[in-house]
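Student: Quick one: sequence plus predicted model below, questions after.
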Protein chains: 2
Amino acid sequence: MKKNAFYAQSGGVTSVINASASAVIIESKKYPEIGKVYAGKNGILGALREELIDTSKETKRFIEDLKFRPGGAFGSCRYKLKGIDENLKEYQRLIEVFKAHNIGYFFYNGGNDSADTALKVSQISNKLNYPLQCIAIPKTVDNDLAITDCCPGFGSVAKYVVTSTIEAALDVESMSESSTKVFILEVMGRHTGWIAGSSILAKESHPGAPHIILLPEIKFNQQKFLKKVKETVVKNGFCVIVASEGIKNSKGKFIAESSMKDAFGHNQLGGVAPMLGDLINQKLKLKNHWAVADYLQRSATHISSDVDRKHAYEVGKKAVQYALKGMNGTMPIIKRTNNHPYRWKVVPASLTKIANVEKKLPSSFVSKDGFGLTNKAKVYFKPLIGGKISIPNKIIYQSGKMQMVPKKLKPWNESV
Amino acid sequence: MKKNAFYAQSGGVTSVINASASAVIIESKKYPEIGKVYAGKNGILGALREELIDTSKETKRFIEDLKFRPGGAFGSCRYKLKGIDENLKEYQRLIEVFKAHNIGYFFYNGGNDSADTALKVSQISNKLNYPLQCIAIPKTVDNDLAITDCCPGFGSVAKYVVTSTIEAALDVESMSESSTKVFILEVMGRHTGWIAGSSILAKESHPGAPHIILLPEIKFNQQKFLKKVKETVVKNGFCVIVASEGIKNSKGKFIAESSMKDAFGHNQLGGVAPMLGDLINQKLKLKNHWAVADYLQRSATHISSDVDRKHAYEVGKKAVQYALKGMNGTMPIIKRTNNHPYRWKVVPASLTKIANVEKKLPSSFVSKDGFGLTNKAKVYFKPLIGGKISIPNKIIYQSGKMQMVPKKLKPWNESV
């Protein structure tokens, strides 16, 4: 019997989440078992509110172009369904809406929260005897899902961060003699250092930067940090720092949730980078600049990774195929089969192993002093940004010879 | 008689400043009158310290590739020469170094400060009877130089800001139902709103964003601003703000130099975006995100404007030609001859009209309510970003039909 499909986007969007949407819609058209694909307006809220977008009314061009559209094309939401015992009614409502619209396939595009929801919906549909194939499609810039080698959305952020680190390093380096000595780039990643860590690839194009990477997996030690900054500036003349938004102090508290107060006594909402900048300013008296990329990094379609987009498309496609094979409570995940040349395939994994699990950066990826990453990490990250950094002519920014003309005069007394 | 040339980079670098350097070096090779091109290590400091980089020792490839290299390849500096009366010795030292190395051409690549320096050096060389052709080559992301239609460096930042605004707008829009309502992007520009203003071009790809542009030319009115934010969120569900770092309050004070204090009572160094975010949070209770692009915007070679790079190259080339024609105290500037299709040429202008003059955004560019820009402004900005926004497939992000499936159930009671 022909059944419709329901597709919803969940949580923070990525620059390739719509590639997965595109794949689900295009792949579904190939099978007579699937009727229409309805997209939830604003994610799962669309199902609860019975706000279903009929994707069959969109043009073919629109669906194709989704591959290159940042944001969540049908709207996403931050809405975590409660446990079944706490709020059975929400789950019943979902099943009720699915029933009313003859929906037999549920594709939920999100992170580990969404994997949990998809798993619960699959369980409740069993219990209520309503046949439903529940497939979670992986998506998160944080790259913190278990089992899968990587998460669609991550590779593009990594490429953005690597490119920005190289470019800003060349900028601060050229100004450091008389002006800014330290540049801090704050990146996303929540509790894990995958995004910050990926900036290590900048070293392949720039001999020095980033000099310091701050990871949430390593407790922030102010004294050790300041010492490293100072040493780096003394040695190189400048210092580039990539800091994860999720770094924590020795008490496990987020640095960004600090005791900064404004003139009215309000708590000033974080920003790790401005805090570190202020610290370096106060303690080391070093002029610094900082950037907080925020949404720019996860929506930067203009510099997204082709590999990442292919991952996102393929997991969407496989989600449909798995559903048709009768799989349930499943996630199509990415399995790496070779590093160089990069080869990968999509295989199914059980949501029970993925739901609510957060995958940290492995300790083998972190350098001894905690401020850098190992070669093993580089090997992991490299293919995900698409194999190359999209800077014109693929220039590797080596220095020129910079041969100095022999002096003919006595030194200039700058204090004159 | 064969004379050497001296080239120096000054002030904040851009993603195309090295295209001007490349042009000076390549063009100089064509003329037997010019010997070697020496680049100042770290700008004018290189001349004062007699630290001259012999560019003839670099490979042809290195000089060619400079066109695509962000930062200042030979080092730049923030070092403003004092007035001649205050510090004649500095100017004498420059002439002394030029004399010692047979330098007859001085190319100074910078903004209005550098134009002033080039002018003074030209005057002092006259006075000291040392023949020297002084040519200032325009460069500033701020786009605030007088006489010239635009400044090399600006078009690329504009392209970065426009692209980032579109991408982030699609991101926040898709999350706004249940999460972030307001996104703030802080951009450079110092005392002028050229960079912030250029974000108006985002509207050509995104129907709404940016909803509010904050310009230094318009005094920041907190009440009016908050009213506009609220209205925008009520009407559209979300609000995208592009704020210039240089916005000032009614007393003419920079907003970013505010009375923010940290837990130790230190003044917290600005960031307009976090301040506005905090304001919106406190007064309107609207969840917001903010980004501060800082150096990323001015070093983003990966998304630089071809037109901008051509401008930068051409002014470098013309600088050499002007010097050989015996011009002095001159700047090659860009003259727009047609908007659509965009046509331009480089012509000489006297430094006396450019030195220390700051060109503000004309009032005819600012919309009535002060939060937007006019069509006249769009016509001005459009060709400078290269005519197009480099997003794959040149997609214009229009919405889909988003046709809703008719409901079959009674409304869902979200409070259950």
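Tutor: It's in.

Student: Where do the domain boundaries of chain A fall?
Tutor: According to automatic domain parsing, chain A comprises the domains A:3-141+A:304-353, A:154-301+A:361-391.

Student: which stretch in those has the least confidence?
Tutor: For these, mean pLDDT drops lowest on domain A:154-301+A:361-391, to a mean of 90.

Student: Could you dump the domains of chain A into JSON lines and include distance to residue B:69 and mean neighbour count?
Tutor: Any C-beta I mention is one placed from the backbone N, CA and C, and that applies to glycine too. Formatted as JSON lines, the domains of chain A follow (distance: least, Cβ to Cβ, whole Å; neighbours: other Cβ atoms under 10 Å in any protein chain shown):
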{"stretch": "domain A:3-141+A:304-353", "distance to residue B:69": "23", "mean neighbour count": "22"}
{"stretch": "domain A:154-301+A:361-391", "distance to residue B:69": "7", "mean neighbour count": "21"}
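
Student: could those domains go into a markdown table alongside distance to residue B:323?
Tutor: Listed next are those as a markdown table, based on distance: least, Cβ to Cβ, whole Å:
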| stretch | distance to residue B:323 |
| --- | --- |
| domain A:3-141+A:304-353 | 44 |
| domain A:154-301+A:361-391 | 24 |
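
Student: Near chain B, which residues of the stretch 101-250 of chain A are found?
Tutor: A:101, A:163-164, A:167-175, A:177-179, A:183, A:185 (Cβ under 8 Å from any Cβ of the partner chain).

Student: What distance do you get for the nearest residue to residue A:304 once chain neighbours are set aside to residue A:190?
Tutor: Closest residue to residue A:304 apart from its sequence neighbours, by Cβ to Cβ, 6 or more residues apart in numbering or on different chains: residue A:156 at 3.9 Å. Distance of residue A:156 to residue A:190, computed by Cβ to Cβ, to the nearest Å: 17 Å.

Student: repeat for residue A:196
Tutor: According to Cβ to Cβ, residue A:196 stands 11 Å off from residue A:190.

Student: now residue A:173
Tutor: Counting by Cβ to Cβ, the gap from residue A:173 to residue A:190 is 30 Å.

Student: ok, now residue A:302?
Tutor: 24 Å.

Student: returning to that earlier point: would you check that my belief about the residue nearest to residue A:304 contacting residue A:299 is correct?
Tutor: No - checked against Cβ atoms under 8 Å, the pair residue A:156 and residue A:299 is beyond contact range at 9.3 Å.

Student: anything in contact with each of those two?
Tutor: Applying Cβ atoms under 8 Å, 6 or more residues apart in numbering or on different chains, one finds that residue A:156 and residue A:299 are jointly contacted by residue A:15.

Student: Centroid-nearest residue for chain A?
Tutor: By Cα atoms, centre = their mean, chain A has its centre lying nearest to residue A:141, at 1.4 Å.

Student: Secondary structure element holding it?
Tutor: Using DSSP states H and E, residue A:141 sits in no helix or strand.

Student: Would you enumerate the residues in contact with it?
Tutor: By Cβ under 8 Å, 6+ apart, the contact set of residue A:141 is A:12, A:14, A:151, A:153-154, A:156-157, A:188-189, A:195, A:297-298.

Student: So which of those is the closest to residue B:114?
Tutor: Residue B:114 lies nearest to residue A:297 out of these, by Cβ to Cβ, at 33.5 Å.

Student: now the closest one, what's its secondary structure?
Tutor: Assigned with DSSP: H, G, I helix; E, B strand; the rest coil, residue A:297 falls in the helix class.

Student: quick one: it and residue A:157 touch, right?
Tutor: Yes - with contact defined as Cβ under 8 Å, residue A:297 counts as touching residue A:157 (5.1 Å).

Student: Which residue, other than its chain neighbours, is closest to residue A:401?
Tutor: residue B:57 is the one closest to residue A:401 (Cβ to Cβ, 6+ apart), at 4.9 Å.

Student: With residue A:155 instead?
Tutor: residue A:308 (3.1 Å).

Student: now do residue A:361
Tutor: Closest to residue A:361 by Cβ to Cβ, 6+ apart is residue A:193, at 4.5 Å.

Student: Please verify my assumption that the one you found contacts residue A:242.
Tutor: No - the criterion here is Cβ under 8 Å, and residue A:193 misses it with residue A:242 at 9.7 Å.

Student: residues bridging contact with these two, i.e. touching both?
Tutor: By Cβ under 8 Å, 6+ apart, residue A:193 and residue A:242 have these common neighbours: residue A:213.

Student: for the closest residue to residue A:203 other than its chain neighbours, what are its contacts?
Tutor: Leaving aside its chain neighbours, residue A:203 sits nearest to residue A:209 (7.2 Å; criterion: Cβ to Cβ, 6+ apart). Neighbouring residues of residue A:209 by Cβ under 8 Å, 6+ apart: A:165-166, A:168-169, A:173, A:202-203, A:240.

Student: Pick out whichever of the residues you listed sits closest to residue B:42.
Tutor: residue A:173 (10.7 Å).

Student: That closest one should be in a strand, yeah?
Tutor: No - counting by three-state DSSP, residue A:173 is not found in a strand; it is helix.

Student: contacting residues for the closest residue to it other than its chain neighbours?
Tutor: Distance criterion Cβ to Cβ, 6+ apart; nearest residue to residue A:173, sequence neighbours excluded, is residue A:238 at 5.3 Å. Contacts for residue A:238 (Cβ under 8 Å, 6+ apart) come out as A:172-173, A:176, A:180-183, A:232.

Student: just to revisit the earlier point, dump the contacts of residue A:141 to CSV, plus secondary structure and distance to residue B:356.
Tutor: Formatted as CSV, these follow (DSSP: H, G, I helix; E, B strand; the rest coil; distance: Cβ to Cβ, whole Å):
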residue, secondary structure, distance to residue B:356
A:12, coil, 47
A:14, coil, 47
A:151, coil, 53
A:153, coil, 48
A:154, helix, 48
A:156, helix, 44
A:157, helix, 43
A:188, coil, 42
A:189, coil, 45
A:195, helix, 43
A:297, helix, 38
A:298, helix, 42
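
Student: Just want the phi and psi numbers for residue A:45.
Tutor: The phi/psi pair for residue A:45 (degrees, to the nearest 10) reads phi -60, psi -30.

Student: what sits against the closest residue to it other than its chain neighbours?
Tutor: Closest residue to residue A:45 apart from its sequence neighbours, by Cβ to Cβ, 6+ apart: residue A:77 at 5.0 Å. Listed by Cβ under 8 Å, 6+ apart, the contact set of residue A:77 reads A:10-11, A:42-45, B:175, B:177-179.

Student: repeat for residue A:316
Tutor: Residue A:316 sits next to A:19-24, A:27, A:107, A:109, A:137 when contact means Cβ under 8 Å, 6+ apart.

Student: Show me these that map onto helices.
Tutor: Counting by DSSP state H, the part of those found in helices is A:19-24, A:27.

Student: Helices - which of the residues of the stretch 101-250 of chain A next to chain B land there?
Tutor: Those of these mapping onto helices are A:163-164, A:167-175, per DSSP H.

Student: okay if I get those residues as JSON lines plus distance to residue A:328?
Tutor: Shown next, in JSON lines, are those (distance: Cβ to Cβ, whole Å):
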{"residue": "A:163", "distance to residue A:328": "40"}
{"residue": "A:164", "distance to residue A:328": "41"}
{"residue": "A:167", "distance to residue A:328": "46"}
{"residue": "A:168", "distance to residue A:328": "47"}
{"residue": "A:169", "distance to residue A:328": "48"}
{"residue": "A:170", "distance to residue A:328": "51"}
{"residue": "A:171", "distance to residue A:328": "52"}
{"residue": "A:172", "distance to residue A:328": "52"}
{"residue": "A:173", "distance to residue A:328": "54"}
{"residue": "A:174", "distance to residue A:328": "57"}
{"residue": "A:175", "distance to residue A:328": "57"}
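
Student: Just name the closest of the residues you listed to residue B:383, please.
Tutor: Nearest to residue B:383 among these, with distances taken as Cβ to Cβ, is residue A:167, at 24.0 Å.

Student: surely the closest one meets residue B:302?
Tutor: Yes - using Cβ under 8 Å, residue A:167 makes contact with residue B:302 at a distance of 7.0 Å.

Student: any idea where the helices of the stretch 151-300 of chain A begin and end?
Tutor: Using DSSP state H, counting those that start in this stretch, the helices of the stretch 151-300 of chain A run over A:154-175, A:194-198, A:222-236, A:272-284, A:295-299.
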